[in-house]
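A.B. asks: using only what follows, build the 3D model:
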Amino acid sequence: MISELKKQFLDLFGGSDEGIRVFSSPGRVNLIGEHTDYNGGYVFPAALTMATTIIARPREDSIVRMAATDLDGIVEGNLDTIDNYKDLSWGNYQFGVFDELRKAGYNICGADMLYHDTTPHGGGLSSSAAIEISAAIAMAALGGATDIDNIEMAKISQLAEHNYIGVNCGIMDQFASAMGKKNHLIFLDCKTLDYQLVPIQLDGYKLVISNTNKKRSLAASKYNERRSECEKGLEILKSAMPEKTCLGEITAEELEQHKGLITDEIILNRVTHVISEDDRVLKAIDALKNGNLVEFGQLMNASHVSLRDLYEVSCEELDTLVDSALSIDGVLGSRMTGAGFGGCTVSLVKDESVDTFIEKVGKEYLDKIGYAASFYITEIGDGGREILD
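C.D. replies: Sure thing, here's the model as predicted:
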């Protein structure tokens, strides 16, 4: 694939292959711990082998030219007028990253870049984080950085979304894309960024991602609404626990003790989801460490119920995929993953049940929803890096 991409690069941008370098960063799937990241809680994602790959070559000027294998044309911008590209339909995330790299003191230079994405867009698998992390590592390296800190790349990419794109996202997506490791999940404390790599032995099971293929028109507005509801809940609970700075610091026992303070049922539901979801992450880690995939699957199922009923970020399409999945022998667990209102589910499926899963879930979804879902049998891969020959 790399040799073919280099050929496409030279066809597009001309010149020689001197100075060409290759960078990659993956999408991610979150196995459990949803809508906890911006509440200072715990998440448990994995990097995928679906990724953004960049073929890049530095330039002598401040011009950046970018193309993608699945898009027509070349997007061109000047690093000297970097604020001018916020409204690009494609390329704005990259320019936001370049802007934050410069603010952080990195030398950045003009470049020609060809992007190749295998992470599906709009499916909740963080194709945007894959683009951001690969762009950050590529531009830092082209500018002369040799010892690149991937955690710093994750922070820079998150700031690009906040400051350039205008999305007040959590850190999970960028962190998982940057720091993933093959056959490991990442247990991340989103408040401190302390993390552990936890091995996962699937032993006869596969992770199957099912994509609703629904356009997620509600996701952004509802995300901001949920975030505001959580902030209101925290402020109420701080009247009894003034030392708490985020919901992630509040235990299930503390919530039980003080939940009477929250008289708004919707606010209580949101807070209850976040705090119980943090507890599920901790139990999921123990389940994996004990090799108990059955318990892990049950926690996935409980997570989906909470996201559906308490946090209310599921939808008919996601629920159809989950309900259909759980009717099949050999499925240990299934849940929505990502922001919700569309996107994907992730299911833990016995090897010999995978074909039946795709056939039956696909048929039931098409019959009920009216258009097809897509399915990906995924592996857990490495995080952002330069690919060396």
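
A.B. asks: now do L10: how many residues are near it, please.
C.D. replies: 17 (other Cβ atoms under 10 Å). Where C-beta positions appear, they are placed from N, C-alpha and C, glycine not excepted.

A.B. asks: let me know the helix or strand that it is in.
C.D. replies: helix 2-13 (DSSP states H and E).

A.B. asks: sheet-wise, list the partners of whichever helix or strand comes after that helix with their directions.
C.D. replies: With elements assigned by DSSP H and E, the helix or strand that comes after helix 2-13 is strand 21-30. Applying DSSP bridges, strand 21-30 is found paired with strand 45-58 (antiparallel), strand 385-387 (antiparallel).

A.B. asks: next, the angle from strand 21-30 to helix 2-13.
C.D. replies: 110 degrees (axes from the mean of the first three to the mean of the last three Cα atoms, to 10 degrees).

A.B. asks: how about low-confidence regions in this protein?
C.D. replies: 217-220 (pLDDT under 70).

A.B. asks: which SS state does L318 fall under?
C.D. replies: helix (DSSP: H, G, I helix; E, B strand; the rest coil).

A.B. asks: burial count for it?
C.D. replies: Per other Cβ under 10 Å, the neighbour tally for L318 reads 28.

A.B. asks: for F375, which non-adjacent residue is closest in space?
C.D. replies: Closest residue in space to F375, ignoring its immediate chain neighbours: I358 at 4.8 Å, by Cβ to Cβ, 6 or more residues apart in numbering.

A.B. asks: for the helix or strand hosting that neighbour, the distance to its chain's centre please.
C.D. replies: Per DSSP H and E, I358 falls inside helix 354-369. In terms of Cα atoms, centre = their mean, to the nearest Å, the gap separating the centre of helix 354-369 from the centre of its chain is 25 Å.

A.B. asks: partners of the helix or strand that comes right after it, with directions?
C.D. replies: Using DSSP H and E, the next helix or strand after helix 354-369 towards the C-terminus is strand 374-378. If you go by DSSP bridges, strand 374-378 pairs up with strand 205-211 (antiparallel).

A.B. asks: now do the helix or strand following the partner strand: which elements does it pack against?
C.D. replies: Under the assignment DSSP H and E, the closest C-terminal helix or strand after strand 205-211 is helix 219-238. Where contact means 3 or more Cβ pairs under 8 Å, 6 or more residues apart in numbering; DSSP states H and E, helix 219-238 is packed against helix 265-289.

A.B. asks: how far off centre is the helix holding L10?
C.D. replies: That offset, for helix 2-13, works out to 28 Å (Cα atoms, centre = their mean).

A.B. asks: and for stretch 46-59?
C.D. replies: 15 Å.

A.B. asks: extract the C-alpha set from it and format it as PDB.
C.D. replies: Provided in PDB are the C-alpha atoms of stretch 46-59 (Å, rounded to 0.1, in the frame of the first residue of the first chain):
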ATOM      1  CA  ALA A  46      -8.400   0.700  22.000                       C
ATOM      2  CA  ALA A  47      -6.600   1.900  18.900                       C
ATOM      3  CA  LEU A  48      -7.700   0.100  15.700                       C
ATOM      4  CA  THR A  49      -5.800  -1.100  12.700                       C
ATOM      5  CA  MET A  50      -8.100   1.200  10.600                       C
ATOM      6  CA  ALA A  51      -6.000   4.400  10.300                       C
ATOM      7  CA  THR A  52      -5.000   7.600   8.600                       C
ATOM      8  CA  THR A  53      -1.800   7.300   6.600                       C
ATOM      9  CA  ILE A  54       0.000  10.400   5.400                       C
ATOM     10  CA  ILE A  55       2.700  10.500   2.700                       C
ATOM     11  CA  ALA A  56       4.500  13.800   3.300                       C
ATOM     12  CA  ARG A  57       7.400  15.900   1.900                       C
ATOM     13  CA  PRO A  58       8.600  19.200   3.200                       C
ATOM     14  CA  ARG A  59       8.700  22.300   1.100                       C
END
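
A.B. asks: how many residues are close by the closest residue to K350 other than its chain neighbours?
C.D. replies: Spatial nearest neighbour of K350, excluding adjacent residues (Cβ to Cβ, 6+ apart): G330 at 3.4 Å. By other Cβ under 10 Å, 15 other residues sit near G330.

A.B. asks: so G330 sits right up against E352, yeah?
C.D. replies: Yes: counting by Cβ atoms under 8 Å, E352 is a contact partner of G330 at 6.7 Å.

A.B. asks: dump the residue contacts of N301.
C.D. replies: Shown in contact with N301 (Cβ atoms under 8 Å, 6 or more residues apart in numbering): L326, G333, S334, R335.

A.B. asks: repeat the analysis, applying 6 Å as the threshold.
C.D. replies: G333 (Cβ atoms under 6 Å, 6 or more residues apart in numbering).

A.B. asks: the one 10 residues further on too?
C.D. replies: With contacts defined as Cβ under 6 Å, 6+ apart, the neighbours of Y311 are H35, H273.

A.B. asks: what are the phi and psi values for it?
C.D. replies: Here is the backbone geometry of Y311 (degrees, to the nearest 10): phi -90, psi -20.

A.B. asks: please report how far it lies from N269.
C.D. replies: As for Y311, its distance to N269 is 7 Å (criterion: Cβ to Cβ, to the nearest Å).

A.B. asks: for Y115, what is the enclosing helix or strand?
C.D. replies: According to DSSP H and E, Y115 maps onto strand 111-117.

A.B. asks: that strand pairs with which strands, parallel or anti?
C.D. replies: strand 45-58 (antiparallel), strand 63-68 (parallel).

A.B. asks: show me how far the shortest one is from its chain's centre.
C.D. replies: Translated: strand 63-68. For strand 63-68, the distance to the chain centre is 24 Å (Cα atoms, centre = their mean).

A.B. asks: residues contacting that strand, please?
C.D. replies: Everything outside strand 63-68 that qualifies as a contact, by Cβ under 6 Å, 6+ apart, is 12, 74-78, 91, 110-115.

A.B. asks: same thing with stretch 101-113?
C.D. replies: 13, 54, 56-59, 61-66, 98, 139-140, 142-144, 156.
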